[in-house]
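Peer 1: Sharing a model prediction with you, sequence too.
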Amino acid sequence: MLEILSLIRQDGDPKWCRSVPNWDRGPWLETLLGYRRARDNPRPRIISSHLPVQMFPKAFFGSKAKVIYTVRDPKDVLVSLFHFARIFRPYKDPGTLEEFMEKFLEGDGAKFGVFLGVWGGFIGNFWDLK
């Protein structure tokens, strides 16, 4: 999605995409560095986030910002996160895929990197904004 938005922002010219790293083009709102980059980027800004809707700044909802919410298939999220948790050392060993899936479905997987609760509830909060 970031690549598509970057190309739209540049009228289809790929030079910006090729020369500016994605974390500068669409910085993550939930990090201090990302917040600073987003604030300093020229308008129109592209901002990325994994924050749940209730953690977005209140000013966001009164702004003219447009939101493109991308939803991944939960099976894809599960498998991708499982493999990421296996290689990213701050996370505890995720165990087997079946064990990880149980934690993922329960929304009790913070020790494995499932920090935002139950996947369906997270998605539902954004769905309600449509």
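Peer 2: Okay, I see it.

Peer 1: helix or strand right after the top helix by length along the chain?
Peer 2: When the chain is parsed with DSSP state H, its longest helix is helix 74-87. Heading C-terminal from helix 74-87, the first helix or strand you meet, by DSSP states H and E, is helix 97-106.

Peer 1: Residues contacting stretch 47-55, please?
Peer 2: Outside stretch 47-55, the residues within contact range by Cβ atoms under 8 Å, 6 or more residues apart in numbering are 2, 26-30, 34, 38, 56, 116-117, 122, 125-126, 128-129. All C-beta atoms are positioned from the backbone trio N, CA, C, and that covers glycine.

Peer 1: tell me which residues in the longest helix of the chain are buried?
Peer 2: For helix 74-87, a neighbour-count test (16 or more other Cβ atoms under 10 Å) marks 78, 81-82, 85 as buried.

Peer 1: Same check on stretch 50-57?
Peer 2: Buried residues in stretch 50-57 (16+ other Cβ under 10 Å): 53, 56.

Peer 1: Assign the residue nearest to the spatial centre of the chain to helix, strand or coil.
Peer 2: Centroid check for the chain by Cα atoms, centre = their mean gives His50 as the closest residue, at 3.2 Å. Three-state call for His50 (DSSP: H, G, I helix; E, B strand; the rest coil): coil.
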